[in-house]
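K.L.:
Got a sequence here, can you build the structure:
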Amino acid sequence: MEKMLLAKLEPKEKEHQRKKILRLFFSQVNKTEGLDVVESRFWKWVRRLNPDNVNSEDRYKSMSYEFLDKLLGKEMFRVRFLPWLDLYEAGLTASIEDAKARSFVKFIRQSVAVKQEIEEEQRLYLSHCTALPLDNHTPLTSITTQPQPNVPGLYFEAKCSNTDCSLFRGKMYAHVGIDAKVDYFQAVSLLRCADCQTPIHTIINIGTFECTSSFQGRTHPQTCVSGEKRLSLGYSTFDEIHIYQWEELTFDVQRLTEDQRSQMNQIILQAFDDPVMPKKRYRRKLEIDSEVASTASEEMPIVPVPIRLPARRDTANEYMRLLTCMDQQIQRESQRNGGLRAEIGVLRETLDSLTNDLRVLLAE
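P.N.:
Numbering: from 1, shown residues only. Modelled structure (predicted):
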């Protein structure tokens, strides 16, 4: 989508427009008065995403795309940002600089439209899913940290405060549970550093990996807050924990079913409208991914298949042997790395097309 909408902008121009728009907006937000307690805490959390410490693991560098993407996914941010963006765009002129700004505004609007469509479709789908019974008992054993999320479930992102520990101030993940109701404060009391076994009380964030989840709790002052059920195909965070002062907080976490995984993939793919890659190509990739039950990387390498077509029709047998070799190579690469299946499917379509052309030639 970025390639389609921002093709006329050089990388430096994209960075310039992104920083300019965000800085102008944040300047306006800082002047806004009369914010309620919840919204004030939200903007305080947003400012923490770009800490002064440039070496911080939690820093979103220089108002990056990752930073912008995270904010566009928050409804509280969009409620303030989109009306301001309307006013900003209305004030743009016909100058070359403003034409570039207008292109970036279009990119932002399209990004928001995609996110909102995914949110609405996910909300509709999950509203019809039947929840399975959950285990109400939190394990009584200690919870230790690990380098990265690796199994489905609820995770705490934490830092060890022991200055003598080799993991001091380094961000770690702790798998808290799956298919269970998890009490946040009880789980924190069980959290230990994997290296020094020191109790950990500094929780940076809470996230989920490959599961459905929701939360409910009570804040100070006495207010009940609950979050909608959501589904994460990869790792995603509960940023809402930074916006409230919790007195009680509980998470419901369940592993994904194959139907939920398939439906969420379909929702995400249908939300994009990219003329560079038609939707039928997305659907084809989805079918292949479902067959191999694996997730392909976004920047998937293409299997190099040399194609040397013979110039003479009387070498049709050689041509057929070449196509057979291509098919065998595809099969070998397919077995070697299941993640390449999506690109292999495209190559197979090309192979089928070449085979049909050969049959026509031989029939003449």
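K.L.:
Could you measure from E117 over to L269?
P.N.:
E117 sits 11 Å away from L269, going by C-beta to C-beta, to the nearest Å. Glycine gets a C-beta too; all of them are placed from N, C-alpha and C.
K.L.:
Equivalent analysis for C193, please.
P.N.:
The gap separating C193 from L269 is 41 Å, by C-beta to C-beta.
K.L.:
same thing with P147?
P.N.:
Between P147 and L269 the distance is 31 Å, computed by C-beta to C-beta.
K.L.:
Comparing these two, which shows the higher neighbour count?
P.N.:
L269 (15 against 11; other C-beta atoms under 10 Å).
K.L.:
mind giving me the domain ranges of the chain?
P.N.:
As assigned by automatic domain parsing, the chain contains the domains 2-127, 143-257, 277-363.
K.L.:
Pick the most deeply packed of these.
P.N.:
Comparing the domains of the chain by mean neighbour count (mean count of other C-beta atoms under 10 Å), domain 143-257 ranks first with a mean of 17.
K.L.:
And that one, end to end?
P.N.:
For domain 143-257, the separation between the terminal residues is 26 Å (C-alpha to C-alpha, to the nearest Å).
K.L.:
same thing with stretch 87-104?
P.N.:
Using C-alpha to C-alpha, one end of stretch 87-104 lies 15 Å from the other.
K.L.:
now do stretch 173-181
P.N.:
19 Å.
K.L.:
Show the average pLDDT along it.
P.N.:
Throughout stretch 173-181, pLDDT has a mean value of 88.
K.L.:
Quick one: residues in contact with that stretch.
P.N.:
132, 134-139, 143-158, 182, 187, 191, 200, 207, 211, 250-255 (C-beta atoms under 8 Å, 6 or more residues apart in numbering).
K.L.:
same thing with stretch 77-84?
P.N.:
With C-beta under 8 Å, 6+ apart as the contact definition, stretch 77-84 has outside contacts at 25, 28-29, 32, 42, 46, 71-72, 112.
K.L.:
Columns secondary structure on top of the residues you listed, output as CSV?
P.N.:
As requested, the contacts of stretch 77-84 are exported to CSV (DSSP: H, G, I helix; E, B strand; the rest coil):
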residue, secondary structure
F25, helix
Q28, helix
V29, helix
T32, coil
F42, helix
V46, helix
L71, helix
L72, helix
V112, helix
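K.L.:
Max pairwise distance over those: which two?
P.N.:
Farthest apart among the contacts of stretch 77-84 by C-beta to C-beta are T32 and V112. That separation is 20.5 Å.
K.L.:
Can you check my assumption that E248 lies in a strand?
P.N.:
Yes: using three-state DSSP, the assignment for E248 is a strand.
K.L.:
what's across from it in the sheet?
P.N.:
Note on E248: beta-bridge partners by DSSP bridges are R218.
K.L.:
residues contacting it?
P.N.:
Counting by C-beta under 8 Å, 6+ apart, E248 touches 185, 217-218.
K.L.:
my guess is S236 is in a strand, correct?
P.N.:
Yes: according to three-state DSSP, S236 belongs to a strand.
K.L.:
What's the separation between it and L126?
P.N.:
14 Å.
K.L.:
Sticking with S27, tell me its helix or strand.
P.N.:
helix 11-31 (DSSP states H and E).
K.L.:
follow-up on the earlier one: just the ones of the contacts of stretch 173-181 in helices?
P.N.:
Counting by DSSP state H, the contacts of stretch 173-181 place A187 in helices.
K.L.:
Helix or strand: which one has V176?
P.N.:
Here V176 is assigned to strand 171-177, by DSSP H and E.
K.L.:
Tell me, what's the model's pLDDT at K20?
P.N.:
With respect to pLDDT, K20 scores 90.
K.L.:
How much space separates it from F26?
P.N.:
11 Å.
K.L.:
and if you look at A94?
P.N.:
According to C-beta to C-beta, A94 and F26 sit 27 Å apart.
K.L.:
next one: T237
P.N.:
21 Å.
K.L.:
Run through the strands of the protein in chain order.
P.N.:
For the chain, the strands defined by DSSP state E cover 143-146, 153-159, 171-177, 180-183, 191-192, 202-219, 223-226, 230-237, 246-255.
K.L.:
Please name whichever of these is nearest to V105.
P.N.:
strand 230-237 (26.6 Å).
K.L.:
quick check: angle from that closest one to strand 202-219?
P.N.:
Relative orientation of strand 230-237 versus strand 202-219 (axes from the mean of the first three to the mean of the last three C-alpha atoms, to 10 degrees): 140 degrees.
K.L.:
Name every strand pairing with strand 230-237 and say which way it goes.
P.N.:
Short version: by DSSP bridges, strand 230-237 pairs with strand 202-219 (antiparallel).
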